[in-house]
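Q: Sequence and computational prediction follow.
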Amino acid sequence: MVPFRLTIPTGPTGPAVFSSPHSGSEYPAEFVRSSQLDARTLRSSEDAFVDQLFACAPDYDAPLIAAVAPRAFVDLNRAREELDPAAVAVPRRAGLNPRVSAGLGVIPRVVSEGRVIRSGRISALAAETRLRDAYDPYHDCLERLLRTARTRHGQAFLIDCHSMPHDALRSLADEGPQQPEIILGDRFGTACAPWVLEQAQDAFVRHGFRVLVNRPFAGGYITRLHGQPSKGRHALQIEIDRALYMDEKRIKQHAGFAELQERLRPVIAELAQLGAARNTLAAE
């Protein structure tokens, strides 16, 4: 399995890097055979087609790295050591975080709605093989891309691209009948400078999107790991309502997909140049 797909701009790269860690959809045959779930249910955890929604990022000088391995196989948005002893034959230990306890570790035990992927546990060696072949190459490449952007431009901007089930928005009844379409997560101000969030939010709103910040998703492991604004590394998570572009039950694009791509294009163009206007003013 190729560990990821990397699309690089034809010209010089800018300060932004786009990442789609949950859009992988290439399921190893043995993994599918060993699962007690049907193929469609296995896919329910995917951020399906998100890499395609952001495919134009390289047109605006930003690299795009996208997962190949699916989230049900290995979750790139978890720490490497977040192993669930109910899914992997590793010693049980105290203090597991709630995600891992719920079966959502780096080697997931469940997909959406808590449906168990397989009976029994995989060996520690099998888990390490998944991490070595799929997890490590993705994270090593992402780190190189961000380091290069930081070196060339003084700052790096990670745009971490995801989608969310429409049902996840039910908890936002207090927001009124017009539910948000986009959730921006900066881990409550810790993953990027305030002006980065402000520019991103402004770009989405000006192009007609309803936006909420940090509810119900504030940013995951990748955002936390790479969001170091004091070191000139900013990370922002984007969650898009899946109902805008796909039939969630069938995991198929619907007629809104092409429209959403076009709506996103000018926003992506602005995100790819985050900080450009600010740097110009600082130089004058």
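A: Everything's here; your move.

Q: and Glu81, how many neighbours?
A: 10 (other C-beta atoms under 10 Å). From N, CA and C alone the C-beta is placed, and that goes for glycine too.

Q: Pull up the gap between it and Arg93, please.
A: The spacing between Glu81 and Arg93, counted by C-beta to C-beta, to the nearest Å, is 10 Å.

Q: just Glu113 next, same as before
A: 27 Å.

Q: so where's the stretch 101-250 of the chain shaky on pLDDT?
A: Applying pLDDT under 70 to the stretch 101-250 of the chain picks out residues 173-177.

Q: same thing but 90
A: 170-178 (pLDDT under 90).

Q: Now do the helices in it.
A: Ranges of helices in the stretch 101-250 of the chain, per DSSP state H, counting those that start in this stretch, are 124-130, 136-153, 194-206, 221-226.

Q: Return the most buried member of those helices.
A: Among the helices of the stretch 101-250 of the chain, helix 221-226 has the highest mean neighbour count (mean count of other C-beta atoms under 10 Å), at a mean of 21.

Q: what does it contact?
A: Applying C-beta atoms under 8 Å, 6 or more residues apart in numbering, the contact partners of helix 221-226 are 19, 21, 76-79, 82, 142-143, 146, 158, 160, 185-187, 190-191, 233, 235-237.

Q: quick revisit: any chance of the helices of the stretch 101-250 of the chain in JSON lines, with distance to Pro165 too?
A: What follows is the helices of the stretch 101-250 of the chain, written out as JSON lines (distance: least, C-beta to C-beta, whole Å):
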{"stretch": "helix 124-130", "distance to Pro165": "25"}
{"stretch": "helix 136-153", "distance to Pro165": "23"}
{"stretch": "helix 194-206", "distance to Pro165": "20"}
{"stretch": "helix 221-226", "distance to Pro165": "19"}
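
Q: Ok, which of the ones you listed comes nearest Ser25?
A: Ser25 lies closest to helix 136-153 among the helices of the stretch 101-250 of the chain, at 14.7 Å (C-beta to C-beta).

Q: Give the other helices and strands that the closest one contacts.
A: strand 4-7, strand 16-20, strand 64-67, strand 156-164, helix 221-226 (3 or more C-beta pairs under 8 Å, 6 or more residues apart in numbering; DSSP states H and E).

Q: quick one: it to strand 156-164, angle?
A: 140 degrees (axes from the mean of the first three to the mean of the last three C-alpha atoms, to 10 degrees).

Q: contacts for helix 136-153?
A: Taking C-beta under 8 Å, 6+ apart as the rule, helix 136-153 contacts 3-4, 6, 13-17, 19, 21, 63, 65, 67, 76, 80, 155-158, 222, 226, 231-233, 275, 279.

Q: what's the angle from that helix to strand 16-20?
A: Going by the same axes, to 10 degrees, helix 136-153 makes 160 degrees with strand 16-20.
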